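In: Got a predicted model here, sequence first, then my questions.
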Amino acid sequence: MPGIHTSVLPKKLSPGGGHERSEIKVSQIVIDSSRLDVSQLLEKFETSHEGLPEEEALRRLVKDGPNVLAKDQRAGIVQLVLHAVMNPLVILLAVLACISVATGDFRAGTVMTLMIVLGVGLKLILLHTESHVHARIPDYAKVDEIPFDFQRRIMSVVVRTPEGQDRIISKGAPEAIFPKCDAFELDGELFPMDHLILRDLEEEFEQLSRDGFRVLAIAFKDVAPRPEAEQHSTPYSKADEAELILKG
């Protein structure tokens with residue numbers, strides 16, 4: 001499954017013997033909400049365990065609009081150039097090149113100028129590649145969504161893959177996701193979710209929680225596309241969140 005890395009599997013299962021935790025930017029409302037219990041969260045967002053009534057959901061949709069993905073914040077060309085130029089070695093070479101030209105040593109000045117152009121050019125290529133590599137997402141189309149609720153503590157989306165399959169991607173509390181998984185994926189291979197593996201996963205989840213991390217589990221499965229049901233607005237339901245493959 002492209003685009004998702006198994007970064008939170010137990011250390012015993014990870015090929016590198018561990019996982020790196022990169023810095024993640026989180027909005028203040030998420031940080032504040034993470035400190036609240038369920039009853040306080042429900043009060044804060046004016047909802048209930050059963051979710052919003054249809055009229056209230058429609059009112060909020062009109063007021064706030066639909067949920068949308070955040071826009072990509074990749075750096076522009078000006079930022080890339082500034083980042084490449086503001087380098088101590090580049091600045092030093094520029095100063096030396098100016099001194100060389102001022103003292104009549106045009107050959108040394110030219111060589112240093114070429115070194116600056118070459119260095120900045122290579123840096124720009126690396127920065128441009130790095131900023132765009134994560135944006136190479138295949139052509140996936142959203143088919144359906146199974147909203148989150150506090151009973152099952154899971155939300156799922158269904159996307160149509162370039163191969164024509166429907167992929168159910170579920171995320172939620174690890175203790176809610178784990179029982180719905182029959183296998184886990186590691187390095188492109190599938191392994192059964194036996195009791196020993198489940199215990200390792202639970203230990204890793206509990207350790208991360210003790211370290212202060214809010215942990216989510218992600219699982220998926222591919223199914224044949226199905227037509228829209230006649231009596232339902234969407235073809236997928238909570239019952240489809242079963243026999244999943246744990247991704248991380």
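Out: Everything's here; your move. This structure is a prediction, so every number in the text was calculated from the model and none was measured.
In: Buried residues of the longest helix anywhere in the chain, list them for me.
Out: The residue-count maximum for a helix in the chain (DSSP state H) belongs to helix 106-133. Neighbour counts over helix 106-133 (16 or more other CB atoms under 10 Å) mark 109, 112-113, 115-116, 119-120, 123-124, 127, 131 as buried. Placement of C-beta: from N, CA and C, glycine included.
In: Adding distance to residue 179 and pLDDT, write those residues out as CSV.
Out: Output for the buried residues of helix 106-133, formatted as CSV (distance: CB to CB, whole Å; pLDDT from 0 to 100):
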residue, distance to residue 179, pLDDT
109, 70, 83
112, 65, 84
113, 65, 85
115, 60, 84
116, 59, 82
119, 54, 80
120, 54, 79
123, 49, 79
124, 49, 78
127, 44, 72
131, 39, 61
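In: Output those residues as a markdown table; include the columns distance to residue 55.
Out: Compiled in a markdown table, those are given as follows (distance: CB to CB, whole Å):
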| residue | distance to residue 55 |
| --- | --- |
| 109 | 74 |
| 112 | 71 |
| 113 | 69 |
| 115 | 68 |
| 116 | 64 |
| 119 | 62 |
| 120 | 59 |
| 123 | 56 |
| 124 | 54 |
| 127 | 50 |
| 131 | 44 |
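In: and which of the residues you listed is nearest residue 37?
Out: Nearest to residue 37 among those: residue 131, at 39.5 Å, using CB to CB.
In: Just list the residues touching residue 82, thanks.
Out: Residues counted as contacts of residue 82 (CB atoms under 8 Å, 6 or more residues apart in numbering): none.
In: what helices or strands is the longest helix of the chain leaning on?
Out: Contact analysis of helix 106-133 by 3 or more CB pairs under 8 Å, 6 or more residues apart in numbering; DSSP states H and E lists helix 77-85, helix 88-102 as its packing neighbours.
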